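Engineer: Dropping a prediction and its sequence here:
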Amino acid sequence: MPRKYGELPWYQLFTLVASLAPLPVILLWTALVSSHTSKSLRRVLGERCLKYAAIHTSVAQQQFIFGTTIATYRKWTKQNGIPAVIDDVGEDAHVLWIGERRTDRVLFFCHGGCYFLPVTDFLLSFWRYVQLELKKRDIEIGIALLSYSLAPMAAFPTPAKQATLALQFILDSGVEPRNLFMAGDSAGGNLVLQVISNMLHPHTGIPSLNPSQPIRSIGLFSPWMSFTTEANSFDQFDGIDFLDRRILGNYGKELLRGYSEEDNAFAEPAKAPQEWFTGSAAFVDHFFVTAGEKEVMRDDIVRVAELLKECHGNVELVVQERGVHDDMFIDFFTGEKNLGSLTPKVIEWLAG
């Protein structure tokens, strides 16, 4: 019988505690041997913690620990004294607003987590920081986060259907495409491109959506562009990036079971035909793509940026020096005082 989301049998609770028990000793050892790195100690320990948890706990255990996106959002808004503003857009999808609803300038964001994990509180904190930095410039922006169904309970095309419904809801609320930014990190970046792919190559399982004018810009932050781990950057940076090649490959293998052969370009844009994104200029005015220099996914990300450039043209690619996967968000996980170079670039992107 299929388990429910976040449900653990008693013996997995025991193994979860046992799996995490060595972590304090591992972090202590990491601190002792990390003196020759340019990163702060808290950043080194944070990345080590993420990597350890990903390797030594199961998906079910991680879903048990992290809960749901809506629960995380409600807890975060309460802790930060912000009203929880939630819109039900149908098909078990919701739009969660950071701050008030707006229609004048909006960022619609799809979170990552390999399609298995919910949003994190530090990602919410990142976007609140960006929102407040923009406010200092007298730029008000509404930030709308998608809550979508997660694997293994949901498979393609469910998340893409939910993202499309949410995007349609935002447009129907009065947001003009020229005032709309749409973005995603990691699996969320993959999901964003699935929505764009559906505009170009309509899928029977996803509602059609044709904006009245091009969306202002699409942001792809460390997007997961291939569910396999064949790119050279996996050989180069496995063990440097906190993402683990083996775990990522296992996630990808599980997800690919939900795709038919004709849906491969939706799943893995890095392996899409050369002309896949031809015509995207009718739906999107600009693409902003980021990767970390030492990110295992780097080569797949660069490959997709090149495909977009060939088919669209107005594409900006930023490879962060010494950066790893989701680098700018990890700064907020570890509470860094000195933020990396990507955060101000994201602020400038939304201010433009």
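Structural biologist: All right, it came through fine.

Engineer: From now on I want contacts and neighbour counts done on CA atoms only, so please keep to that.
Structural biologist: OK.

Engineer: residues making contact with stretch 23-33?
Structural biologist: The contact list for stretch 23-33 (C-alpha atoms under 8 Å, 6 or more residues apart in numbering) reads L41, V44, L45, R48, C49, Y52.

Engineer: repeat for stretch 115-135
Structural biologist: Contacts of stretch 115-135 with the rest of the structure, by C-alpha under 8 Å, 6+ apart, involve 59, 62-63, 66-69, 72-73, 76, 98, 111-113, 140-143, 150-152, 187-188, 329-330, 332-333, 343, 347, 351.

Engineer: Would you state the strands of the stretch 201-350 of the chain in chain order?
Structural biologist: 217-221, 287-292, 315-320 (DSSP state E, counting those that start in this stretch).

Engineer: partner strands of the first one, parallel or antiparallel?
Structural biologist: It refers to strand 217-221. Applying DSSP bridges, strand 217-221 is found paired with strand 180-185 (parallel), strand 287-292 (parallel).

Engineer: Adding distance to S226, mean neighbour count and mean pLDDT, write those strands out as a markdown table.
Structural biologist: Output for these, formatted as a markdown table (distance: least, C-alpha to C-alpha, whole Å; neighbours: other C-alpha atoms under 10 Å; pLDDT from 0 to 100):
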| stretch | distance to S226 | mean neighbour count | mean pLDDT |
| --- | --- | --- | --- |
| strand 180-185 | 14 | 25 | 99 |
| strand 287-292 | 14 | 24 | 99 |
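
Engineer: S197 touches E268, doesn't it?
Structural biologist: No. Counting by C-alpha atoms under 8 Å, S197 sits too far from E268 to count as a contact (11.1 Å).

Engineer: Which among the strands of the stretch 201-350 of the chain is found nearest to S34?
Structural biologist: strand 287-292 (20.5 Å; C-alpha to C-alpha).

Engineer: Now do that closest one against strand 315-320: the angle between them, please.
Structural biologist: Interaxial angle of strand 287-292 relative to strand 315-320 (axes from the mean of the first three to the mean of the last three C-alpha atoms, to 10 degrees): 20 degrees.

Engineer: Spell out the secondary structure type for M199.
Structural biologist: Under the three-state scheme (DSSP: H, G, I helix; E, B strand; the rest coil), M199 adopts helix.

Engineer: Next, the contact list for it, please.
Structural biologist: Applying C-alpha under 8 Å, 6+ apart, the residues near M199 are S208, L209, N210, F283.

Engineer: run the last query once more with 7 Å
Structural biologist: S208, L209, N210 (C-alpha atoms under 7 Å, 6 or more residues apart in numbering).

Engineer: Any quick ChimeraX command for the buried ones out of the residues you listed?
Structural biologist: For the buried members of the contacts of M199, the matching ChimeraX selection, counting by 16 or more other C-alpha atoms under 10 Å, is:
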select :208,209
